[in-house]
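1. Build me a model from this:
(2 chains)
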Amino acid sequence: MYDFDYHKPTTVADAVALLAADPDAKAVSGGHTLIPALKHRLNKPTSLVDLSGIAEMRGIRREGNALIIGAFTRHAEVASSEVVQAAIPVLSFMAAHIGDNQVRNRGTIGGSVSNNDPAADYPAAVLGLGAIVHTSSRKIPADEFFLGMFTTALEPDELLVAIEFPIPEKAGYAKMKNPASRYVMAGALVSKGPAGVRVAINGAASCVFRQAEMEAALAANWSPEAVAGIQQPADDLNSDIHGSAEYRAHLVTVMAKRAVVNAG
Amino acid sequence: MPQVTLTVNGKQHSVEVEGRTLLVELLREKLRLTGTHVGCDTSQCGACVVHVDGNSVKSCTTLAVAVDGASVTTIEGLAAADGTLHPMQEAFREYHALQCGFCTPGMVMSAVDLVQKHPEGLSEQEIREGLEGNLCRCTGYHNIVKAIDAAQEVMHGRSTSIAAAAE
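-> Residues are numbered from 1 along each chain as shown, chains lettered A, B, ... in the order given. This is a model prediction of the structure:
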């Protein structure tokens, strides 16, 4: 790993100022994607801005019909939070199945969503629940946040501060994990609530996306049978040594069915 | 260079590190606590697991500067001062839960955290899932699971000794 300067600001404003002052600076949250990348010398930041000391990026609270989760909330905290379990149990379920216990003790929701790994879990929750991403300068609806593989609407000196999830009537998640890496091969988060009926698919393509045909079918008939006959086109799906695009297309339907079952 | 102050196994240390120094490097190279192993170095195998403020973490994927002020427990800090083994260590010995032993420090540290977080008790399946972050290349999982099952009985006061839990 190349060396770098290290900063640990205590406010979002200071963190943004540090990032704005140095185009080669990088923000680090739980570090479970960035540190492995630095070890492989895939990245060479001049400085790291550690977000762990920023109180305003922490915490989980309910505000009316929404749940607001601070960016620097670790997966283990979301998994065990009684507030989350009561309001949006699918989020706790999802968090409890990311990586392994040690990853969940370090990784954060803000880090995962900002990174937008195609095989990450949380982007499916943000898109599938119709969340609103609060950044250091604005609020971005989920539909405008995820732009492509590892790419989001965040500017280089803009930080994800919190995520606002509208509380759904029903929501469920299912994923097929790669048996070795445990990253998502294909997953589906389905929900019905203030943001309408939404189906977000992760793992299968270069970026999380909404499956409109399944959304329409579930809006008309909320049942696993409603999506059973819908085939996701394989055209733009990932194909690699772990599975072909056709296999992933098949998994999309299976995961969507299971997600509806899990939603109840 | 940044100065890091942390408590390791109850003893406070103040160490000069680089920004890039990993927690495992601080433990092994600066403090000479070589019980914590580096296996894969890619945060998958769990040989480097230690506790930071009571939570198990992979010390090969944690920057030393990021744990400034924290309390760290390594495998060396588990046994009592008089050498009495922690129930988890005792159980690993009783059940022969190791073959080559390389993964053992991480397995034990992960297992202690797992059991501490589940006072209600863990089923065999839950123990296996709880070990997802630890790999044993000897594939000796079966006895590891049995050892953890016995240790949880002692750690939560449902049995007085590993030998009793084994019966």
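2. So which bits of chain B are right by chain A?
-> Selection of chain B residues close to chain A by C-beta under 8 Å from any C-beta of the partner chain yields B:2, B:18-20, B:22, B:41-43, B:46, B:49, B:52, B:55-58, B:61-63, B:65-66, B:68, B:110, B:113-114, B:130, B:132-134. Every C-beta, even on glycine, is put in place using the N, C-alpha and C of the backbone.
3. at 7 Å what do you get?
-> Counting by C-beta under 7 Å from any C-beta of the partner chain, chain B comes close to chain A at B:2, B:18-20, B:41-43, B:46, B:49, B:55-58, B:61-63, B:65-66, B:110, B:114, B:130, B:132-133.
4. ok, longest strand in chain A?
-> Scanning chain A for the longest strand, with DSSP state E as the assignment, gives strand A:184-193.
5. so what strands line up beside that strand?
-> Neighbouring strands of strand A:184-193 in its sheet, by DSSP bridges, are strand A:170-177 (antiparallel), strand A:196-202 (antiparallel).
6. Which helix in the chain has the most residues?
-> Since you didn't name a chain, this refers to chain A. Longest helix in chain A by number of residues, with DSSP state H as the criterion: helix A:245-263.
7. actually it's chain B I care about, not the one you picked
-> Max-length helix for chain B by DSSP H is helix B:141-155.
8. So which elements touch it?
-> When contacts are defined as 3 or more C-beta pairs under 7 Å, 6 or more residues apart in numbering or on different chains; DSSP states H and E, helix B:141-155 packs onto helix B:87-94, helix B:104-116, helix B:124-130, helix B:162-166.
9. Show me which residues of the longest helix of chain A are buried.
-> A:245, A:247-260, A:262-263 (16 or more other C-beta atoms under 10 Å in any protein chain shown).
10. Run a quick neighbour tally on the closest residue to chain A within chain B.
-> Residue of chain B nearest chain A, by C-beta to the nearest C-beta: residue B:133 (3.0 Å). Per other C-beta atoms under 10 Å in any protein chain shown, the neighbour tally for residue B:133 reads 24.
11. Can you give me the separation between the residue lying closest to it once chain neighbours are set aside and residue A:45?
-> Closest residue in space to residue B:133, ignoring its immediate chain neighbours: residue A:100 at 3.0 Å, by C-beta to C-beta, 6 or more residues apart in numbering or on different chains. Distance from residue A:100 to residue A:45, counting by C-beta to C-beta, to the nearest Å: 26 Å.
12. Smallest gap between chain A and chain B, at which residue?
-> residue A:100 (3.0 Å).
13. surely that residue meets residue B:135?
-> No - counting by C-beta atoms under 7 Å, residue B:135 is not a contact partner of residue A:100; they are 10.2 Å apart.
14. circling back to that earlier point, please determine how far the residue of chain B closest to chain A is located from residue B:46.
-> Counting by C-beta to C-beta - residue B:133 and residue B:46 are separated by 5 Å.
15. what does residue B:87 give?
-> On the measure of C-beta to C-beta, residue B:87 and residue B:46 end up 20 Å apart.
16. which one of these two has more residues nearby?
-> residue B:46 (27 against 24).
17. Which element, helix or strand, includes that one?
-> Using DSSP states H and E, residue B:46 maps to neither a helix nor a strand.
18. what's the nearest residue to it if we skip its chain neighbours?
-> For residue B:46, ignoring the flanking residues on the chain, the nearest one in space by C-beta to C-beta, 6+ apart is residue B:134 at 3.4 Å.
19. Please apply the same query to residue A:191.
-> Here the residue nearest residue A:191, using C-beta to C-beta, 6+ apart, is residue A:171, at 3.8 Å.
20. The one you found: neighbour count?
-> With other C-beta under 10 Å as criterion, residue A:171 counts 26.
21. That one against residue A:90, yeah?
-> Yes - Residue A:171 is within contact range of residue A:90, at 4.2 Å (criterion: C-beta under 7 Å).
22. okay but residue A:92 is in contact with residue A:85, surely?
-> Yes - counting by C-beta under 7 Å, residue A:92 touches residue A:85, with 4.8 Å between them.
23. Would you mind splitting chain B into its domains for me?
-> Domain segmentation of chain B under automatic domain parsing yields B:3-77, B:87-166.
24. Could you list the domains of chain A?
-> Split by automatic domain parsing, chain A gives A:1-49, A:170-263.
25. how about these in TSV, adding distance to residue B:94?
-> TSV is the format used below for the domains of chain A (distance: least, C-beta to C-beta, whole Å):
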stretch	distance to residue B:94
domain A:1-49	34
domain A:170-263	31
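26. highest average neighbour count across those domains?
-> domain A:170-263 (a mean of 19; mean count of other C-beta atoms under 10 Å in any protein chain shown).
27. re the thing from before, which one, of the domains of chain A, ends up nearest to residue A:134?
-> Checking those against residue A:134 by C-beta to C-beta gives domain A:1-49 as the closest, at 10.3 Å.
28. Helix or strand with the lowest mean pLDDT in chain B?
-> helix B:162-166 (a mean of 77; mean pLDDT, DSSP states H and E).
29. got the contact list for it?
-> Helix B:162-166 is contacted from outside by B:87, B:90, B:91, B:94, B:150, B:151, B:153, B:154, B:159, using C-beta atoms under 7 Å, 6 or more residues apart in numbering or on different chains.
30. rerun that using 10 Å as the cut-off
-> The contact list for helix B:162-166, computed with C-beta atoms under 10 Å, 6 or more residues apart in numbering or on different chains, reads B:85, B:87-95, B:146-147, B:149-155, B:158-159.
31. What subset of these is buried?
-> Buried among the contacts of helix B:162-166 by 16+ other C-beta under 10 Å: B:87-92, B:94-95, B:146-147, B:149-155, B:159.
32. low pLDDT regions in the stretch 101-250 of chain A?
-> Nowhere does the stretch 101-250 of chain A drop to pLDDT under 70.
33. ok, back up a step: just the angle between the longest helix of chain B and helix B:87-94, please?
-> 140 degrees (axes from the mean of the first three to the mean of the last three C-alpha atoms, to 10 degrees).
34. and helix B:141-155, C-alpha only, in CSV?
-> Extracted in CSV, the C-alpha atoms of helix B:141-155 (Å, rounded to 0.1, in the frame of the first residue of the first chain):
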residue,chain,number,x,y,z
TYR,B,141,-14.9,-27.2,10.8
HIS,B,142,-16.7,-30.0,12.4
ASN,B,143,-14.8,-30.0,15.7
ILE,B,144,-14.6,-26.2,15.7
VAL,B,145,-18.4,-26.1,15.7
LYS,B,146,-18.6,-28.7,18.5
ALA,B,147,-16.0,-26.8,20.6
ILE,B,148,-18.0,-23.5,20.2
ASP,B,149,-21.2,-25.3,21.1
ALA,B,150,-19.6,-26.6,24.3
ALA,B,151,-17.9,-23.2,25.1
GLN,B,152,-21.2,-21.3,24.8
GLU,B,153,-22.7,-23.5,27.6
VAL,B,154,-19.8,-22.5,29.9
MET,B,155,-19.6,-18.8,28.9
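35. No further questions, thank you.
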